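Peer 1: Need a 3D model of the sequence below.
(one chain, ligands or ions: 1)
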Amino acid sequence: MKILLLGYMGSGKSVVAKQLSKVLQYPFIDLDTAISKDQNISLKQLFETKGEIYFREKEALVLHRLLKGSDTVVLALGGGTPCYGDLMQKLTQQEGVVTIYLDAKIETLTDRLFSQMHTRPLISHISDKEILTDFVRKHLFERNFYYHQAHHKISVDQKSVKEIAQEIVALLF
Ligand code: S3P
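Peer 2: Below is the predicted model of the structure:
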């Protein structure tokens, strides 16, 4: 089984995927890290030098390659991965792939993202928490259409990483 975690920046995709991979003894892959390795450059630099469209093309290519290459994996997608082209539709129809949306409240996301804004290309220009909240609210509204196509949805607010991973295990096995 290929378990794909999706959700907004700061929803905990990578940490939960890592924990889940440990519990299930599946390999763990973080898509952002895989893109960064493939391009031999940090994501921030990639966005700055080549722009978002180039990043989205590489994101789709690297994801395609990873899905072809593994039978069992826990894969943390990037926040925007399912929201471009027909990727989400393809993922939900692909045999052996299970998509799980980590659903977090705007407040949870902004609290987590506020301290990490400088490392995240899409929000690095924001300096104020109110502006961040507004940005996240609008962005999430646009992306919800894609996120809600996932096979499963898990609320992550006020839950520990271990609890969320256990919930996923109970859901799938
Ligand atoms: C993005 C989220 C990031 C990364 C890139 C774009 C997005 O991943 O892929 O900065 O469009 O939401 P995380 O959600 O892992 O931070």
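
Peer 1: Okay, now the sheet partners of the lengthiest strand in the chain, with direction.
Peer 2: Identified as the longest strand of the chain according to DSSP state E is strand 97-103. Partners of strand 97-103 in the sheet, by DSSP bridges, are strand 2-6 (parallel), strand 152-155 (parallel).

Peer 1: anything in stretch 147-158 near the ligand?
Peer 2: No: applying CB under 6 Å from any ligand atom, one finds stretch 147-158 separated from the ligand by no less than 10.9 Å. Quick note: C-beta positions are derived from backbone N, CA and C, even for glycine.

Peer 1: For that stretch, buried residues please.
Peer 2: 147, 150, 154, 156 (16 or more other CB atoms under 10 Å).

Peer 1: and if you look at stretch 156-173?
Peer 2: 156, 159, 164-165, 167-168.

Peer 1: and which of those is nearest to Arg65?
Peer 2: Ile168 (24.5 Å; CB to CB).

Peer 1: For the closest one, give me the pLDDT.
Peer 2: With respect to pLDDT, Ile168 has a value of 98.

Peer 1: contacting residues around Tyr84?
Peer 2: 56, 59-60 (CB atoms under 8 Å, 6 or more residues apart in numbering).
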